[in-house]
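1. Predicted model and sequence below, questions to follow.
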Amino acid sequence: MTSEALAHLSNNLLYSAMAVYAVAMYCYAAELAFGTPRRRSAELPDRELVAVGASPAYDVPGSTVATDEDATRQSKASRLGRVAVSLTVLAFALHASSVLTRGLSAGRPPWGNMFEFSTTGALAVTGVFLVLLTRKDVRYLGVFVILPVLLTLGLAVAVLYTESAQLVPALKSVWLLIHVTAAIIASGIFTIGFCQSVCYLVQERRERVPAAERGPSFMDRLPPAAVLDRSAYKMHAFAYPIWTFAVIAGAIWAENAWGRYWGWDPKETWAFITWLVYTCYLHARATAGWKGRRAAYLAGLGYATFLFNYLVVNIWLVGFHSYAGVG
Amino acid sequence: MVDQTLTSAPARDQPPEPRPPALKPLELARWAWRQLTSMRTALVLLFLLALAAVPGSLVPQRSIDAARAAQFAAEHPHLAPWYDRFSLFSVYSSPWFAATYLLLFVSLVGCVLPRSRAHLRASLARPPRAPRNLGRLPVHEETTSTRTPDEVLAEARTLLRAKRFRVDVVDGALSAEKGYLRETGNLVFHLALLLLLLSVALGHLLGYKANVLLIEGEAFSNTVTAYDTWTPGALADESSLAPFTVSLDDLKVRYQTSGQQRGAPRDFEASVRYTSSPDAPEKSYVVRVNHPLKVDGVKVFLLGNGYAPVFTVRDRDGRVVSRGAVPFLPRDGNDTSVGVIKVTGTTPQIGFDGFFLPTAVIDRAGPHSIYPGLKLPRALLSVYTGDLGVDSGTPQSVYSLDKKGLTQVLGEDGRKLVVGLAPHTSVTLPTGETITMDGVRRWTSLSIARDPGAGPALGSALLALAGLMMSLFVRRRRVWVRAAAGDDGRTLVEVAGLARTEAEGGEGLTDEVRELAEQIGTMRIGTTS
C-alpha cells in the first residue's frame, strides 16, 4: 500500500474507533445509572481480582442482595458493563491499528506532531485502563476515562490534524522512541490517576453527609472515598518515576541535539513544573494536614500543568519544542 | 523529610497573660531551623519553586533568545524596566529564583541528615520486640503445631530469613522486619538531588559555550578569538582550550518537496575535517542534528544554516578590490535572507545591502523567497558610496551598514538603484565599478560546548531515579511470631504483621502472613484481617 493509502486507512480506523468508544461510554454510563448501589463498606479491600467481564465487586460472598428486583436490575446493569468493556477492547484494537498504520505510512514512530501525540496519548490512556481492568474492578471508571479519550481524539481530528509527513531533523533520533514513549505512558497513567482523584473528591464530599441523609446517586456505585484515594495514589506513585525518567531521557536527548541538557525551554520548564507539583502531591500524602482532599487538589493541579504543557506550550509558546505541526 | 506535626497548638491553650519570655538567639535559630526543615515548609517551597519557574516560560528570556527579549523590551517600553527590576528577563538566574531553590535544598539537607542518622540506627538495631497482644495488629493469624515452640520459631526464622527478613528471637517470640531499602532509597533520592545541583553548578563554573558561523571551505580553531560569541563559566580556563581545528567542506540540506510542509528541512549534513591537535592526523566526520562532533570532551553541534553568495567587486580598471563569500542571514522559513557587502578598497568606499533569495519571487509583498532550496537564486542589492565607518575604531556589525557617512546611488532614471544578480552575472555600477556573483555557498552556525558537569549530572539523575523507585516500590513491613505450649500439648502459634508503608493498605502482607502461618502450623484456627 502507498503511504497515502495507509494514512487514509489510519484516519478511517480512527473514526471507527471513536464511534465504538462513544457506544462503550454510553454503556458504562448506563451501568452506573441503572445499577444498584455498591455495598457500602469502607473495609472492603480493593483487591478483588476480577478478570475482564467477570463478576464484579458487589457479588462478593456475604453480600446480601436486598430484593429479587434489585438482583435483576443489577444483573442487567452489569451485563451492560461487560458489553462496555468488550466494546472498549474493540475500540482499543481499532485505535491501535490506526496508530500503527499512521506509523507505517510515515515510516517512523507515529509521534512527530500534535495530532500524533494526541492519538497515541489517548491510546495509552485506554491501554492503561484495560490493563488495570484485568487486575482490579475499576469498571466504574469507564465513563470518566473514555470521555477524555474521546475529547482528545475529537480535538486531534478537528483541530490538530496534520498530514502524515517526515520528521524535522531534530526529531530523528532513537531518543524520540525512548523519551516520548515514556512521556506518553506516564501521561496515560496520570490521566487515570487524575480521574480517580476527581472521583475521590466527589465521593469524599458526599461521604461528609451522614449516610441516611444522602439522596440516591450514581456515586453509590463507586468505591468509598478511602479506596479511591488509595488507588489514585498508586497510579500517581507508579507514573511519577516514569515521568522522572521521561524528563531525564529528554535531557539526554537535548544534550545530544542542542548541546545543553537543560535550557529552560518552555517545554522543559513545564515538564519540570509538572514534576514539582506531583512531588508536592507525594509529599503531601505524608504530611499531617495535607492528606486527603488537599493532596487530591494537588494531583488535579499537577494534571492541569501537564495539560498546559501539552496544549498551550506546544501551540502558543515559542521554543525549541515547536513542532506541533499546527498552523 | 521530617514529618513535622508540631505546631503552636499547646501555646494557644495557655491564658494570654503572662506572655512567654522572648526567645534567646540560639532558641530562635533552632526554632527557625525546625520551621525551615519541616515537611510543611518543604511542601510550600516545592510549590513556590514550581510557581517561580512559570514566568520564565511566558516572558522571553535573555539567556534563551536574547533577540526576542530585546524585541519585547522595545515593544513594552514602560513595562520593561519593571520587568528588569524583578529579573523577569532572566528568571532562572535571578536572586529570587536562586533563593527559592537554595532554601529548598537547605530544607532538604535539614530533613535528610537527621533521617539518615535515624535510618542508620534503625538499620543496626534489632527488629522491635513483639507487642504483648498480637491479636490487635491489623493482620493476624492463629494456628497450632505438634512441634515444640522452639522448633516452630526456628522454622519461622529459616523461612523469614530465606525471604530476606531481618529476624530476632527474644523470649519465645520472633520479630522480623523487611524493606529497609525503602528508606535507603528515599535518602539516596534526596542526596542524589543535591549531587545533581552540585553537578549543574560545576558545569556552569567550568564549562563554556561558543558560537561560530562557518562558510563552506572555511575553518576555525578552538580559541576565544575565533568565535562570534563566547560564554565562559566563571572558572573556565580560557588559556588551555582543547587545541582542535574544524573545517567545513560541504553542507547538504534536504527539504520536503511536496505537501503541506513543503520546504521544511528534512536533513542537514555537514561534512567536516578536524584535527584534535596541530600534530594529530586529520579525520573526517559528518555532523548532523543529534550527531554532534566530539573532540576532547568538547561537542560541536549544528545550530543554523544559510547562504553565503560569493561576490567579486572590480574597480574601474578591472582590478579586483573585494572577493569572497558573504553570509546572508535567513529571515523566514524559505530562507529569504538579508546581508551586506562592504568594499573598502575603493575611494569612496562602497556598501551594498539587500536580499539573497534562493528561489526568488517579486510580488506585492516585495522580494521574497518561496522555497529554501536553490531553484532560482537572485541577489537584490541597494548601493551606497561614501565612508563605511569601518576605520573609525568603533566595532561594527558585519550584517548591517552604518549609513551615516553614506549616500545611496541612484540609477539613470533618478530612482534608487537596485542591482539584480543571478549567479555568474555581472552588473556595472554608474560609478564605474563592477560587481559579479560568482556562485553560492552555504554556511552553518555551529555551537561549541564543553560541560564537565553533564556526566555527573546524568549520574546523579539516574541515582535519584533508582532511589525514587526503591522508596516508592519497596514495601516495609514487620512480622511477629509467638509460639507457646498449649494445654493439650500442642503448640499455639500466633503470626501477625504490620505494614509500615503509607497507603499500602496491608495488601500482600495479609497473604504473606497467612502463608507463613500455613507453613509453620498444622491447623489454622482463626484470622483477623
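-> Thanks, I have it.

2. give me the low-pLDDT residue ranges for the stretch 251-400 of chain B?
-> The stretch 251-400 of chain B contains no residues with pLDDT under 70.

3. where does it come near chain A, residue by residue?
-> Within the stretch 251-400 of chain B, the positions adjacent to chain A are B:256, B:259-261, B:264-268, B:288-290, B:292, B:299, B:301 by C-beta under 8 Å from any C-beta of the partner chain. Backbone N, C-alpha and C define where each C-beta goes, glycine included.

4. Also the stretch 1-150 of chain B?
-> Counting by C-beta under 8 Å from any C-beta, the stretch 1-150 of chain B sits next to chain A at B:1, B:3, B:5, B:39-40, B:42-43, B:46-47, B:49-50, B:53-54, B:56-58, B:60-61, B:63-65, B:68, B:91-92.

5. Now list the buried members of the residues you listed.
-> B:1, B:39-40, B:42-43, B:46-47, B:49-50, B:53, B:56-57, B:60-61, B:64-65, B:91-92 (16 or more other C-beta atoms under 10 Å in any protein chain shown).

6. on that earlier part again, give me the subset of the residues of the stretch 251-400 of chain B next to chain A that lies in strands.
-> Of these, the ones assigned to strands by DSSP state E are B:P265, B:R266, B:D267, B:F268, B:K299, B:F301.

7. A:E4: neighbouring residues, count only.
-> 12 (other C-beta atoms under 10 Å in any protein chain shown).

8. sorry, that was for A:A165
-> Neighbour tally, A:A165, other C-beta under 10 Å: 22.

9. Next one: B:L198 from chain A, what distance?
-> 14 Å (C-beta to the nearest C-beta, to the nearest Å).

10. before we move on, the earlier item: of the ones in strands among the residues of the stretch 251-400 of chain B next to chain A, which is the most crowded?
-> Most surrounded of those: other C-beta under 10 Å gives B:F301, at 24 neighbours.

11. The stretch 351-500 of chain B: strands as residue ranges?
-> B:360-363, B:366-369, B:378-386, B:406-408, B:418-421, B:425-428, B:434-450, B:477-485, B:491-499 (DSSP state E, counting those that start in this stretch).

12. In helices only, show me the residues of the stretch 1-150 of chain B next to chain A.
-> B:39-40, B:42-43, B:46-47, B:49-50, B:53-54, B:56-58, B:68 (DSSP state H).

13. roughly how far apart are A:K76 and A:V85?
-> Distance from A:K76 to A:V85, counting by C-beta to C-beta, to the nearest Å: 16 Å.

14. same deal with B:P21?
-> From B:P21 to A:V85 the distance is 68 Å (C-beta to C-beta).

15. for B:Q256, same thing?
-> According to C-beta to C-beta, B:Q256 stands 43 Å off from A:V85.

16. Who has more neighbours out of these two?
-> A:V85 (20 against 16).

17. measure that one to A:T126 for me?
-> From A:V85 to A:T126 the distance is 11 Å (C-beta to C-beta).

18. Any stretches of chain A with poor pLDDT?
-> Across chain A, the ranges flagged by pLDDT under 70 are A:38-67, A:318-327.

19. hey, where'd the helices end up in chain A?
-> Under DSSP H, chain A gives helices at A:3-34, A:68-106, A:114-135, A:142-158, A:174-175, A:181-207, A:225-258, A:266-284, A:293-307, A:314-316.

20. mind checking which of those helices is nearest B:F328?
-> Minimum separation from B:F328 across those (C-beta to C-beta) falls at helix A:225-258, 23.9 Å.

21. Any residue of that closest one touching chain B?
-> Yes. Contact of helix A:225-258 with chain B (C-beta under 8 Å from any C-beta) involves A:229-230, A:233-234, A:237-238, A:240-241, A:244-245, A:248, A:251-253, A:255-258.

22. Report the contact partners of A:L153.
-> A:L14, A:A17, A:M18, A:Y21, A:H95, A:S118, A:T119, A:A122 (C-beta atoms under 8 Å, 6 or more residues apart in numbering or on different chains).

23. Please repeat the previous calculation with a cut-off of 6 Å.
-> By C-beta atoms under 6 Å, 6 or more residues apart in numbering or on different chains, A:L153 lies in contact with A:M18, A:A122.

24. measure it to B:Y371 for me?
-> Counting by C-beta to C-beta - A:L153 and B:Y371 are separated by 35 Å.

25. cool, and B:A99?
-> For B:A99, the distance to B:Y371 - C-beta to C-beta - is 51 Å.

26. Which one's more surrounded, the two?
-> Comparing B:A99 with B:Y371 by other C-beta under 10 Å, the one with more neighbours is B:Y371, at 19 against 12.

27. Could you find the closest non-adjacent residue to the more buried one?
-> B:T359 (4.0 Å; C-beta to C-beta, 6 or more residues apart in numbering or on different chains).
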